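# Dropping a prediction and its sequence here:
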Amino acid sequence: MSESPKGMSRFELEEALRQQGCAVCRLVERAGSSYLEYLLYDLVNDPDVQKEFRASLGFCASHAQGMLEKGDGLGVAILYRAAAKELLGRLSKIPDAPRSRASLAGLLGRSTKAEPIIPEPGEGCMVCDAERQAERRYLQVLLEGAEDGSLDNLVKGSGSVCVRHLSRASAVAGGWLPSALIEATREAFGDLESDLGRYVRHSDYRFQDEPWGKERDSWKRVVARMLGRRRV
Ligand SMILES: [Zn+2]
Ligand SMILES: [Zn+2]
């Protein structure tokens, strides 16, 4: 196995494709969680990290929740103290009156496109950025492996990617998809579509006595396959 970052990504992707659920979702989530831990345990006093953290007033809601779940009060306190200072600085710079001559009531009644004077907390979240980079790296490795055929068995086996990541892969590939990925998705959705049909059929009184099979949880499986693990 290659020791290069790309070789490592390929190895991780193969491992993830052997498990249930979207391989890219799983790897991206893991990359985000590792980066979050690295930030909290090693980088809270790093000036560049603090600068970026201040600019976004912290993490997005999903990563802030992940951070709280790790239970590291000290790391959170140091980072969010920096964000609190940033917010206080910005609040002190807001002018007393609206910039425009128009009355505030007039402004409020209109839809304006001005930038907010205080950033929305989590816009530009650092963990989201790290996840986007990881996602792009894994999608490239997936596309290469699907294109040269070396990942065909895994892609056509239990391994899969959700449709959200299939869509993103097609964008990374410049508006195209390798046939192995198309085939695997077509097969999965053909199966889901008929399971959903059977599920709906049970609601018809004429078929109410038919025994339930694997269609029982198809309404959950189709959402998981469409969106993957994350809902953001
Ligand atoms: Zn996914
Ligand atoms: Zn985030």
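All right, it came through fine. Ligands and ions are numbered 1, 2, ... in the order given.
# what's the model's confidence in stretch 69-82, averaged?
For stretch 69-82, mean pLDDT is 94.
# Just the buried positions in that stretch, please.
72, 75, 76, 78, 79, 80, 82 (16 or more other Cβ atoms under 10 Å). Placement of C-beta: from N, CA and C, glycine included.
# next one: stretch 31-45
Result for stretch 31-45 [16+ other Cβ under 10 Å]: buried residues 31, 32, 33, 35, 36, 39, 40, 43, 44.
# hmm, back to that, in a markdown table, list the buried residues of stretch 69-82 along with distance to residue 182 and secondary structure.
Output for the buried residues of stretch 69-82, formatted as a markdown table (distance: Cβ to Cβ, whole Å; DSSP: H, G, I helix; E, B strand; the rest coil):
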| residue | distance to residue 182 | secondary structure |
| --- | --- | --- |
| 72 | 43 | coil |
| 75 | 44 | helix |
| 76 | 44 | helix |
| 78 | 48 | helix |
| 79 | 43 | helix |
| 80 | 45 | helix |
| 82 | 47 | helix |
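# could you dump the residues you listed to a markdown table with distance to ligand 2?
Conversion of those to a markdown table gives the following (distance: Cβ to the ion, whole Å):
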| residue | distance to ligand 2 |
| --- | --- |
| 72 | 17 |
| 75 | 16 |
| 76 | 15 |
| 78 | 19 |
| 79 | 14 |
| 80 | 15 |
| 82 | 17 |
